[in-house]
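Peer 1: Provided below are the primary sequence and the corresponding predicted coordinates.
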Amino acid sequence: MMYHSGYYYAQSANNRRINNREVIAALVKGGPLAPQINGMVTFESVPGGTKVTAAIYGLPPYSPAQNGEAQIGPFGFHLHENGSCEAGNPEAPFEAAGQHWNPDNQPHGNHAGDFPVLFSNDGFSRMCFFTNRFQPEDVIGKTVIIHQSPDDYRTQPAGDSGKRLACGLIDYMEAMY
Ligand SMILES: [Cu+2]
């Protein structure tokens, strides 16, 4: 299960890790609808649960719903159940990631994989939050997905958050420094 991706881990300034330690993280890459997106989401064990930290670049500009087009941003953000970031259909990418990770069979809005939306600042989003719904090890082999539209946290089963812009597979990753 464990492997060393060899990727440079850039988000070490605000945590306690030291050189060449492993972190549990996902490198996020944009798909056919937003190839410029890239970033990282890390999962750190903290007392009582997990600290999730996202640093995402290249998010598209905000646009209100207009002319039959969906609202763009703030961006729905979830854990999805399958460990695949295969892009698949370029019009509706990342279906292979499956539905929201929902190990305790809750309605949407209370899925273990329901995250706060990402707000863009000229394309950059930085967010950190706490969850007691899982430990970092529990989400290895799941995916993080960034959606085009905001999550309303009530429409079933996915919050009406629209198309999938970016995906990242969660795994052990080597922290270079
Ligand atoms: Cu999602």
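Peer 2: That came through fine.
Peer 1: Flag the shaky bits of the protein, pLDDT-wise.
Peer 2: Applying pLDDT under 70 to the chain flags the ranges 1-21, 175-177.
Peer 1: near the ion, which residues of it?
Peer 2: With C-beta under 5 Å from the ion as the criterion, the chain meets the ion at residues H78, I145. Bear in mind the C-beta positions are built from the backbone N, C-alpha and C, glycine included.
Peer 1: what residue is smack in the middle of the chain?
Peer 2: Taking C-alpha atoms, centre = their mean, the centroid of the chain lies closest to V144, which sits 3.2 Å from it.
Peer 1: Can I take it that that one is in a strand?
Peer 2: Yes - under DSSP: H, G, I helix; E, B strand; the rest coil, V144 sits within a strand.
Peer 1: now for the strand ranked longest in the chain, which elements pack on it?
Peer 2: Counting residues, the longest strand found in the chain (DSSP state E) is strand 164-174. The contact analysis (3 or more C-beta pairs under 8 Å, 6 or more residues apart in numbering; DSSP states H and E) places strand 164-174 against strand 22-30, strand 38-46, strand 143-147.
Peer 1: Partner strands of the shortest one, with direction?
Peer 2: By that I understand strand 143-147. strand 77-80 (antiparallel), strand 164-174 (antiparallel) (DSSP bridges).
Peer 1: Format the ones you listed as CSV; extra columns: mean neighbour count.
Peer 2: Output for the strands paired with strand 143-147, formatted as CSV (neighbours: other C-beta atoms under 10 Å):
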stretch, mean neighbour count
strand 77-80, 27
strand 164-174, 23
